[in-house]
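**Student:** Sequence and predicted structure are below.
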Amino acid sequence: TANILDGKALSDRLRGEIGKEAAELTQKHGRAPGLAVIIVGNDPASHVYVKNKKLGCEKAGIHSFSHELPADTSQQHLLGLISELNQNPKVDGILVQLPAPKHIDPETIIEAIDPGKDVDGFHPYNVGRLAARQPSLRSCTPYGCMKLLAETGLDLHGMECVIVGASNIVGRPMALELLLAGATVTICHRFTENLQSHIERAEIVIAAAGKRGLIKGEWIKQGAIVIDVGIHRLEDGSLTGDVEFDEASKKAGWITPVPGGVGPMTITMLLANTVQAFKIHVGDE
Ligand code: NAD
């Protein structure tokens with residue numbers, strides 16, 4: 001059976017290192033790294049994410065500035081706040097929790113953030129940097145997946161990777177990360193025909209379709225690495241992913257559990273990005 005890629009344990013270890021670095025930097029520069037977190041409206045899941053991000057900051061010695069705005073906040077008002085935060089020298093990172101209410105255009109919001117403070121790594125400038133093989137601030141979830149892959153100790157050059165999902169926040173930047181690492185990359189999405197045939201030849205599967213149990217365990221190639229980004233809450237409150245975990249574990253060489261795989265890594269990389277942005281802002285690289 002497969003080795004477990006334990007995102008919780010890796011996350012704890014990395015957050016320890018990030019906290020240590022944040023403390024040293026605070027000592028040296030007389031201020032802590034700062035992350036501004038903006039949430040518009042009262043989507044319960046988004047509030048849970050924001051709470052966990054703020055808690056993660058606190059534990060790592062990163063100062064968080066919280067902006068909780070009502071659901072009817074205008075786009076213009078939100079853009080005004082982002083512009084202030086772009087100017088604020090105590091703010092190293094700016095995060096707008098998405099999805100925002102419908103009257104707010106996410107692309108406009110993302111592009112308004114100073115790319116040097118875009119700790120989610122969603123700004124076209126930062127995605128472009130990654131595409132041009134000069135990564136700067138990297139998208140948190142794919143960056144976290146790369147850290148998990150590094151735990152296997154395997155060389156990714158020439159490996160057959162299949163990514164399921166082509167969103168701006170997971171699938172696409174994931175493809176750019178793997179390409180940068182020298183892998184051979186296939187991206188599958190909702191128009192892909194015969195998903196099974198792609199999965200069957202994959203040495204690395206990244207499942208990020210947001211479809212519970214889409215990837216059948218029997219499709220997994222013997223010894224493959226399986227990274228499950230999907231998160232689905234079941235009626236009993238438990239979480240599961242896009243991959244049939246039990247069946248896939250019988251064939252995979254390595255697999256991430258849900259929960260405890262990719263999930264904790266995403267916030268960890270947000271904290272890492274905030275410290276990185278701080279270092280750039282104070283000229284300590
Ligand atoms: P999305 O809905 O924006 O994108 C889904 C992608 O999957 C699309 O490109 C779509 O074409 C593709 N897809 C849908 N059905 C498919 C099918 N049957 N076959 C092949 N491809 C298919 O979703 P997203 O924001 O990228 O998130 C994907 C999943 O990852 C969700 O479950 C989400 O909750 C989870 N997620 C987890 C984390 C984390 O930190 N672990 C972070 C972000 C998203």
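**Tutor:** Alright, I've got the coordinates.

**Student:** So which bits of the stretch 51-200 of the chain are right by the ligand?
**Tutor:** Residues of the stretch 51-200 of the chain lying close to the ligand (C-beta under 6 Å from any ligand atom) are 141, 164-167, 169-171, 188-190, 192, 195. Backbone N, C-alpha and C define where each C-beta goes, glycine included.

**Student:** Sitting in helices, which of those do you find?
**Tutor:** The helices, defined by DSSP state H, take in T141, G171, L195 from these.

**Student:** Give me the neighbour count for the first one.
**Tutor:** Put plainly, it is T141. When neighbours are counted by other C-beta atoms under 10 Å, T141 registers 24.

**Student:** Kindly report the same for the last one.
**Tutor:** Applying other C-beta under 10 Å, we find 18 other residues in the vicinity of L195.

**Student:** how near is it to D228?
**Tutor:** Taking C-beta to C-beta, to the nearest Å as the criterion, L195 is separated from D228 by 15 Å.

**Student:** ok so, going back, quick one: buried ones out of the residues of the stretch 51-200 of the chain next to the ligand?
**Tutor:** The neighbour-count test (16 or more other C-beta atoms under 10 Å) marks T141, V164, G165, A166, I169, V170, G171, C188, L195 as buried among those.

**Student:** Quick one: residues contacting the fourth one.
**Tutor:** A166 sits next to R172, A175, I187, C188, H189 when contact means C-beta atoms under 8 Å, 6 or more residues apart in numbering.

**Student:** How about the third one?
**Tutor:** By C-beta under 8 Å, 6+ apart, G165 lies in contact with G171, C188, H189, I206, A207, A208, A209, G210, V229.

**Student:** Isn't the second one up against R201?
**Tutor:** No - look at C188 against R201 with C-beta atoms under 8 Å: they stay out of range, at 12.0 Å.

**Student:** Can you work out which residues contact both of the two?
**Tutor:** V162.

**Student:** What's the separation between the residue in the stretch 1-150 of the chain positioned nearest to the ligand and R233?
**Tutor:** Residue of the stretch 1-150 of the chain nearest the ligand, by C-beta to the nearest ligand atom: T141 (4.3 Å). Applying C-beta to C-beta, the value for T141 to R233 is 18 Å.

**Student:** Check L154 too.
**Tutor:** Remark: distance between L154 and R233 (C-beta to C-beta) = 32 Å.

**Student:** between those two, who's got more neighbours?
**Tutor:** L154 (14 against 11).

**Student:** Need phi/psi at the spatially closest residue to that one that is not a sequence neighbour.
**Tutor:** Nearest non-adjacent residue to L154, counting by C-beta to C-beta, 6 or more residues apart in numbering: I225, 7.4 Å away. The phi/psi pair for I225 (degrees, to the nearest 10) reads phi -100, psi 130.

**Student:** which residues sit in contact with I225?
**Tutor:** For I225, the contact set (C-beta under 8 Å, 6+ apart) comprises L5, L149, T152, L154, E203, I204, V205, A252, G253, W254, I255.

**Student:** same thing but at 7 Å, please
**Tutor:** With contacts defined as C-beta atoms under 7 Å, 6 or more residues apart in numbering, the neighbours of I225 are L149, T152, E203, I204, A252, G253, W254.

**Student:** so where do the strands sit in the stretch 1-150 of the chain?
**Tutor:** 3-4, 34-40, 63-69, 93-96 (DSSP state E, counting those that start in this stretch).

**Student:** where does N88 fall, phi/psi-wise?
**Tutor:** When read as degrees, to the nearest 10, the backbone of N88 gives phi -70, psi 110.
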